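Peer 1: coords please:
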Amino acid sequence: MVKKVMIVFLLVSMIGLGIKEKSTLILMIAQGGSPAVGMSLLLLSLCVFFPIIPFPVTAGMIGAVFGTLKGSIINLTGSMIGTVLFFFLMRYGYRQWAQQKLKKYPKAQKYQNKLKDNAFMAIFIARVIPIIPAVAVNIGCSLSSVNWKVFVLASVIGKIPNILLLTYAGASFQHNLRFSVSLYALYLVVILVINFVWVYRKVPKTK
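Peer 2: Okay, the predicted model is just below:
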């Protein structure tokens, strides 16, 4: 019990610090250099637990500062640090809270059944095509019997396409604003269309 309280206190303190000092973190990242890498990893990790800044915005900003290759590595690393921490925290510390939280995502509850059939592909597809919110995927996987190695590997591979696209769009922002905005817009449109098709396919047709 004491360990759980200490973990919660630590996480709440980190999130609170991230929210309070959000402007400072962004400023330090924008300045570049070694400290900016650490601040970027911290901000990305925090965003897994609490969306201080939407991930597409954060990924694009880091891409603008570090470029496509380095920015993508930082985005993927920071995102996975937070994802893995969240996974283990829910699986071994707060299953009851996670089960209550999962009830808010009906799609995620059905998603758990797919994990039993082919966990790797279910996680991979959920990362590549974010129909189900990332937090719901993380919770659903943590409550399932999915091996943590499968979860990590499928998440890493599945996150790469989106991270590369968002980082590249951010890196292109200063040189080609129109192209960068168009790429972001295309990304959002594709996600919206996929979500629409998914919801429409699930709606029973009436005669």
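Peer 1: secondary structure class for I160?
Peer 2: helix (DSSP: H, G, I helix; E, B strand; the rest coil).
Peer 1: which residues does it contact?
Peer 2: S72, L76 (C-beta atoms under 8 Å, 6 or more residues apart in numbering). Just so you know, the C-beta spots here come from the backbone N, C-alpha and C atoms, and that holds for glycine as well.
Peer 1: Can you tell me, leaving aside adjacent residues, what's nearest to A169?
Peer 2: Excluding its sequence neighbours, the residue lying closest to A169 (C-beta to C-beta, 6 or more residues apart in numbering) is L183, at 4.1 Å.
Peer 1: and that neighbour, how many neighbours?
Peer 2: 19 (other C-beta atoms under 10 Å).
Peer 1: go on, Y184?
Peer 2: 18.
Peer 1: which ones are touching it?
Peer 2: Y184 neighbours (C-beta under 8 Å, 6+ apart): P56, G60, L166, A169.
Peer 1: now the helices for this protein?
Peer 2: Along the chain, the segments classed as helices by DSSP state H run 2-20, 22-30, 34-49, 55-66, 68-92, 95-102, 106-117, 119-128, 134-143, 148-171, 177-202.
Peer 1: neighbours of the residue nearest to L44 when sequence neighbours are not counted, just the number please.
Peer 2: Among residues not flanking L44 along the chain, G78 sits closest, at 2.7 Å (C-beta to C-beta, 6+ apart). Neighbour count for G78, taken as other C-beta under 10 Å: 25.
Peer 1: my guess is G78 meets M39, correct?
Peer 2: No. Using C-beta atoms under 8 Å, G78 is not in contact with M39; the gap is 9.8 Å.
Peer 1: A122 is in contact with Y111, isn't it?
Peer 2: Yes. A122 is in contact with Y111 according to C-beta under 8 Å; the separation is 6.9 Å.
Peer 1: remind me which residues of the protein are low pLDDT?
Peer 2: 1-26, 107-109, 112-113, 194-207 (pLDDT under 70).
Peer 1: what's near enough to touch the residue nearest to S79 when sequence neighbours are not counted?
Peer 2: Ranked by C-beta to C-beta, 6+ apart and with sequence neighbours excluded, the top spatial neighbour of S79 is L44, at 5.3 Å. Applying C-beta under 8 Å, 6+ apart to L44 gives the contacts F55, T58, I62, I74, N75, T77, G78, S79, I81, G82.
Peer 1: Just give the closest residue to the first one, not the sequence neighbours.
Peer 2: For F55, the nearest residue in space outside its immediate sequence neighbours is C47; the separation is 5.9 Å by C-beta to C-beta, 6+ apart.
Peer 1: Look up how far T58 lies from the one you found.
Peer 2: Separation of C47 from T58 (C-beta to C-beta, to the nearest Å) stands at 6 Å.
Peer 1: And for F50?
Peer 2: Using C-beta to C-beta, F50 is found at 12 Å from T58.
Peer 1: neighbour-wise, which of the two wins?
Peer 2: The neighbour comparison of F50 against T58 (other C-beta under 10 Å) goes to T58, with 24 against 15.
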